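> what follows is a predicted protein model with its sequence.
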Amino acid sequence: MGFKEAVESEKFLVTAEVGPGKGTEIQGLLEDAELLKDRVDAINVTDLQSSVMRLGSLAVSHILADKGIEPVYQLTCRDRNRLALQSDLLSAWVLGIKNVLALTGDHPVLGDHPEAMPVFDLDSVSLLQTIKTMNSGHDLAGNEFNGAPDFFPGAVVNPGADAGAGLEMQIIKLEKKIEAGARFIQTQGVFDLNSFEKFMKRVEGFKVPVLGGVIMLKSAGMARFMNSKVAGISVPEAQIKAMAETKDKVRTSVEIASGLVRGMKDMCRGVHIMAIGWEKKVPMVLEEAGLK
Amino acid sequence: MMVAEAKPLAEIQGMIQGYRKILIAGCGTCVTVCLSGGAQQVEILAASLRTAGKQQGLAWEINEETQLRQCDPMFVQQIRDRTGEYDAVLSMACGAGVQTMAETLGDIPVLPALDTLFFGGADGQGGFVELCAACGQCILSRTGGVCPVARCAKGLTDGPCGGAQAGKCEVAKDTPCAWQLIYVRLLRLGQLHLLKESTPPKARRVHPARLVREG
Ligand code: SF4
Ligand code: SF4
């Protein structure tokens, strides 16, 4: 079953994520993807995550697709204007890529080339509209295609945005993304199931499948770093303490992640697991959560 | 107004190294208000360069002059006769002033003593903030009077990214997220419904822009 069919079915969805590295070495990434292949519905390929220059998501998504592993091609508006975005999308389609996750992208100043020009000619909403237009056989200027793609577009939301204005605007923007054609939603990493449940109640009426984000903690330090630096992430003190005191970090990380996955089973349509280098541990998380 | 700040003295010295007789020209408009290039700053820069020149054994002859507005040829014309005797003019105007002066004076190098930063206003604490990016299609009526083009680090016109933390932008902890400000203003104006409207991507403006007045 392809990812689109899985999303359109009733099944509980599982996606994972791989991050292309700095340089041309992809052996490790391919091993991780092979290992996850039969356990997940699709694998996201990140697009210069955190604005750090790396191997591109288009090439890696293509290689995965060639190997029969269904990619979710992440595409940000950070580095490309509307010409390049549309052209890359056409390229993606002819390279066998069907699923696209439309993102605004982080600001370049957060990455390793802070002097780079931030593009943001489009944003996540207008990128989704662009994909919709392209699916209908036209480019943004209204010119007709000789051969059109048929992408399955998705979007993200940050359920942990600042309470009040931040969260209200996330929800309004999510509605715009869905109107612009998003067919599935993956969320930023969730650590607190109670507030996630409240968020899910707010978006219940939107009728688009939501995959709750689960980030695997690697250490207490990483958790504290994310709490202070990553918007929308707040790892509870109890989880930080567990990671700090454990003798077996992998074990504890898997326990925390699988607990979150188990909790999400009744709250949303699936989970998106971001292992950030611990991709090989994802099967343990799924097994422990009762999803083989 | 145009907001600018003085270049480091060493950089200015480097620019004027090869010249002997130099006119430092201030501007009486924006850069006077933001305390970067008015008569007072001209006086200070002239004094610093004279001292530096002496220390380095350079025979700089430096004079001072401040125009009302360097970005208007009419005002620059007024000193044209007097500039013939100089090897270079060191302008303390914004980039628009430097260029207008260079074009008006024609055959004398006009060098920038300031770095022009942005269009902005006073922040009420002695500093200045960027407020407008001259995008050519003002949308302030839809954003509660807060400009997301100039004040959102990504120039997003259709709602915030997911990067704000405690109301601050992802690029710096002391920079308010423009969309947070927009939300608060729309709330006070009773216009939160505007957030639900989609703003199509802007047509990017072609540089250089012009404004032509007939007759
Ligand atoms: S929208 Fe912003 S940048 Fe554009 S003209 Fe208005 S204030 Fe200036
Ligand atoms: S945090 Fe706010 S101001 Fe900063 S880039 Fe995102 S939306 Fe724009």
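All right, it came through fine. Ligands and ions are numbered 1, 2, ... in the order given.

> what sits against A:Met284?
Residues in contact with A:Met284 (Cβ atoms under 8 Å, 6 or more residues apart in numbering or on different chains) are A:254, A:258. Every C-beta, even on glycine, is put in place using the N, C-alpha and C of the backbone.

> whoops, I mixed them up, A:Ser258
Counted by Cβ under 8 Å, 6+ apart, A:Ser258 has contacts A:284-289.

> swap the cut-off to 6 Å and go again
Shown in contact with A:Ser258 (Cβ atoms under 6 Å, 6 or more residues apart in numbering or on different chains): A:285, A:288-289.

> again with A:Glu144
By Cβ under 6 Å, 6+ apart, the residues touching A:Glu144 are A:His138.

> please apply the same query to the one 10 residues further on.
With contacts defined as Cβ under 6 Å, 6+ apart, the neighbours of A:Gly154 are A:101, A:182, A:184.

> just the element for the closest residue to the last one other than its chain neighbours, please.
On the basis of Cβ to Cβ, 6 or more residues apart in numbering or on different chains, the spatially nearest residue to A:Phe184 that is not a chain neighbour turns out to be A:Gly154, at 4.2 Å. Using DSSP states H and E, the secondary-structure element containing A:Gly154 is strand A:152-157.

> does ligand 2 sit close to that strand?
No. Using Cβ under 6 Å from any ligand atom, strand A:152-157 stays clear of ligand 2, with a minimum separation of 13.5 Å.

> for the residue in the stretch 51-200 of chain A positioned nearest to chain B, phi and psi?
With Cβ to the nearest Cβ as the measure, A:Asn158 is the residue of the stretch 51-200 of chain A nearest to chain B, at 3.6 Å. A:Asn158 has phi and psi values of phi -110, psi 90 when expressed as degrees, to the nearest 10.

> which residues touch it?
Listed by Cβ under 6 Å, 6+ apart, the contact set of A:Asn158 reads A:170, A:188, A:232, B:162.

> quick check, nearest of those to B:Met92?
Each of the contacts of A:Asn158 was checked against B:Met92 using Cβ to Cβ; the closest is B:Gly162, at 42.6 Å.

> where does B:Gln41 sit: helix, strand or coil?
Of the three states, B:Gln41 takes helix under DSSP: H, G, I helix; E, B strand; the rest coil.

> quick one: mean pLDDT over stretch B:173-193.
Per-residue pLDDT values across stretch B:173-193 average out to 97.

> I misspoke; the intended subject was stretch B:73-81.
Mean pLDDT, computed over stretch B:73-81, is 93.

> can you give me the helices in chain B?
Counting by DSSP state H, the segments of chain B that form helices are B:9-16, B:30-33, B:39-55, B:73-83, B:95-105, B:148-151, B:178-189.

> burial-wise, tell me which of those comes out on top.
Among those, helix B:30-33 has the highest mean neighbour count (mean count of other Cβ atoms under 10 Å in any protein chain shown), at a mean of 23.

> can you give me the offset of that helix from its chain's centre?
Chain-centre distance of helix B:30-33: 9 Å, with Cα atoms, centre = their mean, to the nearest Å.

> most distant residue from the centre of chain B?
B:His193 (34.9 Å; Cα atoms, centre = their mean).

> up against chain A, what does chain B have?
B:153-156, B:158-165, B:170-171, B:180, B:183, B:195-196, B:198, B:201 (Cβ under 6 Å from any Cβ of the partner chain).

> which secondary element of chain B has the worst mean pLDDT?
When the helices and strands of chain B are compared on mean pLDDT, DSSP states H and E, helix B:73-83 comes out lowest with a mean of 92.

> counting contacts, what elements does it pack onto?
Judged by 3 or more Cβ pairs under 6 Å, 6 or more residues apart in numbering or on different chains; DSSP states H and E, the packing partners of helix B:73-83 are helix B:95-105.

> residue ranges for the helices of chain A, please.
A:3-8, A:27-36, A:57-66, A:82-94, A:124-135, A:165-179, A:193-203, A:220-229, A:237-245, A:249-264, A:282-288.
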